[in-house]
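1. build me a model:
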Amino acid sequence: IGIQVQANPDPVLLDKEALSALYHLPLKEAAKALGICPTAIKTACRKLGLTKWPYRKLRKQSRRRMLAQQHRARSGGTA
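-> Numbers count the residues shown, from 1 in each chain. As a prediction, the model looks like this:
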């Protein structure tokens, strides 16, 4: 199921797959890449069942994973 968002004369069709490809970007950058405003993405996310833009959560998980790898490397892999 897709949500049609119209910010410019050309409509943008957003579905979970299209949005998930942009999760690695902050909301403002994702909106810019799609040519729509951040509010339009927020509205589409809510209609598709996402309560928050996941960029920060994913960044936090990635950072934790990286720090754990660095810790294992420093301790000789026995952590």
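2. identify each buried residue in whatever helix or strand residue 63 lives in, please.
-> Using DSSP states H and E, residue 63 maps to helix 55-74. Using 16 or more other CB atoms under 10 Å as the test for burial, helix 55-74 gives residue 55. The way it works is simple: take the backbone N, C-alpha and C, and place the C-beta from them, glycine included.
3. same thing with stretch 39-55?
-> Neighbour-count burial for stretch 39-55 flags 40, 41, 42, 44, 45, 50, 53, 54, 55 (criterion: 16+ other CB under 10 Å).
4. show me those that map onto helices.
-> Among the buried residues of stretch 39-55, the residues falling in helices (DSSP state H) are 40, 41, 42, 44, 45, 55.
5. so how many other residues sit close to residue 18?
-> As a burial measure, residue 18 scores 15 neighbours (other CB atoms under 10 Å).
6. what's the burial count for residue 17?
-> 8.
7. for it, give me its contacts.
-> Contacts for residue 17 (CB atoms under 8 Å, 6 or more residues apart in numbering) come out as none.
8. phi, psi of it?
-> For residue 17, the backbone dihedrals (degrees, to the nearest 10) come out as phi -70, psi -40.
9. lowest-pLDDT helix or strand in this protein?
-> For the chain, counting by mean pLDDT, DSSP states H and E, strand 3-5 ranks last in confidence among helices and strands (a mean of 66).
10. nearest residue to the most centrally placed residue in the chain other than its sequence neighbours?
-> Centroid-nearest residue in the chain: residue 23, 1.8 Å away (criterion: CA atoms, centre = their mean). Excluding the flanking residues, the one nearest residue 23 by CB to CB, 6 or more residues apart in numbering is residue 54, at 5.0 Å.
11. confidence score at the one you found?
-> Residue 54 carries a pLDDT value of 89.
12. what residue of the protein is the furthest out?
-> Taking CA atoms, centre = their mean, the residue of the chain most remote from its mean C-alpha position is residue 76, at 34.0 Å.
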